Structures are given as C-alpha cells and as structure tokens.
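Peer 1: Pasting the sequence and the predicted model now:
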Amino acid sequence: PIRSAADLLDSGEMDLHRQVVADYGDRYFITSILDTPFSYLYDYLGFRGLMTSLCKRPRIVHHMLERQLTQTQEVMAALAATGIDGVYVEEVFTGADLISPSTYNEFVLAYNQPYFKHMRGLGLLPIHYVCGDVIPRLDQMAHCDVAAIAVEESKKGFQIEIEDVVDRIGDQVAVFGNIDAVHFGLHATPDDMAAEVRRQASIGTRARGFVISTGSPFPLDTNPRLVDAMVETGHSLSG
C-alpha cells in the first residue's frame, strides 16, 4: 500500500527532521536523503535481478517504478511539511558503465523528470548525486530541474574530472566537488588536503555555485584531522 504524507507525519517517522529544523534550521541548510525510483528497486530485486529484469520483465519494472514514484512523492510531501530545505537524492547503477543510453532514458530519466519536478513544486531543493560514469548523462541530469549535481571521484576504470563536470553543466546548476575520499582520506597530509580543496574551489568559480565535497564517503580509518583540514580550508575561501 501507498502510505500518504499524512500517515507518515502521524507515525512519528518525521519527528527527527522536525527537531533538527527546530534546533538548527536558522543556521544551516537542512536536508534529508532519498533515492530515485530506479535505485529503490535494488531493495526489492537486488543488483542481478534489477539488471536482468530490465530485459526480461520490463512491464513489471515499469509498474514498480510507477508505484515507487507515487510513494516517494508522498514522502517528499511529508519532508516538506517538516520545514527542511532540500533533499540529497542518491542514485546508483545508472551510469554509462552499466546501462545503455536507451535503457537510461526509458527506466531512469522518464521517472526522474516527474520526481524532481514534484520535489521542486514542494519547495525542496534537489541535490542529485549519481554514482558511476555520469559524464555522458550530465546534460540530461541538469535538465531535470535539480539545484545541484554531485558525482563520484574517478575510479573503476572511468574518469570524472571536476573540470569536465563544471565545463559541461556549471552554467546550469551548482556543482559539488569530488575530492578522492580514499586517496585524501588515507594517504594525504593536511597540507595535501588543503591544496586539493583550493584546486577544486578555483575550478568551481566557473560554476553557478560550488560546494566543497568528497566524491564518496571517507573510509572509516580516515584521520579526523584530514576532515578538519577540508572543512577549515573550505571555510577560509571567499565566495
């Protein structure tokens, strides 16, 4: 069954969001985290099931995507009612390293367009974070009415240079940086980290907006001093 926004609010599931907004909303940009409809299907089908169903059971996949879109729109409405500012929208298994352009258009983009339009209509700013080789998808992502786009660092045989991202879409949306979380989290010095922050920030000046960020979560063994160096250097920059 589809759970309505009213049911979600009454259940208490949004109480943490309300409390964070009450405590910190006047000082910080408050977000929640959601997946896109395609990424949610991984929870039901697993990776192999998701990839094979695109070819073997496309009608079932479309039915599931439609249901998931409807449910997530109710979640968006509940989140908007709490007073948060935006949503960090994660997406996996949709890069050019995994699915074809036609598959992306049919099963991902077709549902992302109404997804982000609905989110915007509720007054929430969408930050679209996509894993994998997103370079061929950037223009389509930027046209989905998102406020910002975040990408991974280069890995797994594909290259994602922040210069390419900024040059392709920086005039349309804000861009999040993609500092290499493994290299700079495990093998760099604080001075190395500071230099990388300044390098990416200088490139980001060409974008509509730029946010210092890693491309992936820091490893658990990351020295907290390196996180401090990233944050403090970012705060020291003008703009």
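Peer 2: On my side now, so go ahead. Please read all numbers here as calculations on a predicted model, not as lab measurements.

Peer 1: can we go C-alpha only for contacts and neighbour counts from here?
Peer 2: Fine.

Peer 1: Centre of the protein to the edge, which residue is at the far end?
Peer 2: Most distant from the centre of the chain: residue 56, at 28.6 Å, with distances by Cα atoms, centre = their mean.

Peer 1: count of neighbours near residue 235?
Peer 2: 11 (other Cα atoms under 10 Å).

Peer 1: measure the residue farthest from the centre of the chain to residue 98 for me?
Peer 2: As judged by Cα to Cα, to the nearest Å, residue 56 and residue 98 stand 17 Å apart.

Peer 1: Equivalent analysis for residue 230, please.
Peer 2: Distance of residue 230 to residue 98, given as Cα to Cα: 32 Å.

Peer 1: residues in contact with the residue farthest from the centre of the chain?
Peer 2: By Cα atoms under 8 Å, 6 or more residues apart in numbering, residue 56 lies in contact with nothing.

Peer 1: what about the helices in the chain?
Peer 2: Per DSSP state H, the chain carries helices over the ranges 5-11, 15-24, 37-56, 58-82, 101-104, 110-121, 138-142, 162-169, 181-182, 190-204, 224-236.

Peer 1: And the contacts of the second one?
Peer 2: The list of residues contacting helix 15-24 from outside it, by Cα under 8 Å, 6+ apart, reads 9, 30, 32, 79, 82-84.

Peer 1: mind redoing it with 7 Å?
Peer 2: The contact list for helix 15-24 (Cα atoms under 7 Å, 6 or more residues apart in numbering) reads 30, 82-84.

Peer 1: cool, and the fourth one?
Peer 2: Helix 58-82 has contacts (Cα under 7 Å, 6+ apart) with 2-5, 8-9, 17-18, 37-38, 53-54, 115, 118-119, 122, 124.

Peer 1: Count the neighbours of the nearest residue to residue 125 once chain neighbours are set aside for me.
Peer 2: Distances taken as Cα to Cα, 6 or more residues apart in numbering put residue 86 closest to residue 125, at 4.2 Å, once the chain neighbours are dropped. Neighbour count of residue 86, defined by other Cα under 10 Å: 23.

Peer 1: Surely residue 86 touches residue 31?
Peer 2: Yes: shown here, residue 86 and residue 31 form a contact pair, counting by Cα atoms under 7 Å, at 4.7 Å.

Peer 1: Kindly state the beta-bridge partners for the nearest residue to residue 146 once chain neighbours are set aside.
Peer 2: Nearest residue to residue 146 in three dimensions, chain neighbours excluded: residue 126, at 5.1 Å (Cα to Cα, 6+ apart). Taking DSSP bridges as the rule, residue 126 bridges to residue 87.

Peer 1: where are the low-confidence patches of this protein?
Peer 2: Applying pLDDT under 70 to the chain flags residues 239.

Peer 1: which residue packs closest to the residue nearest the centre of it, ignoring adjacent ones?
Peer 2: Closest to where the C-alpha atoms of the chain average out (Cα atoms, centre = their mean) is residue 129, at 2.2 Å. Excluding the flanking residues, the one nearest residue 129 by Cα to Cα, 6+ apart is residue 150, at 4.4 Å.
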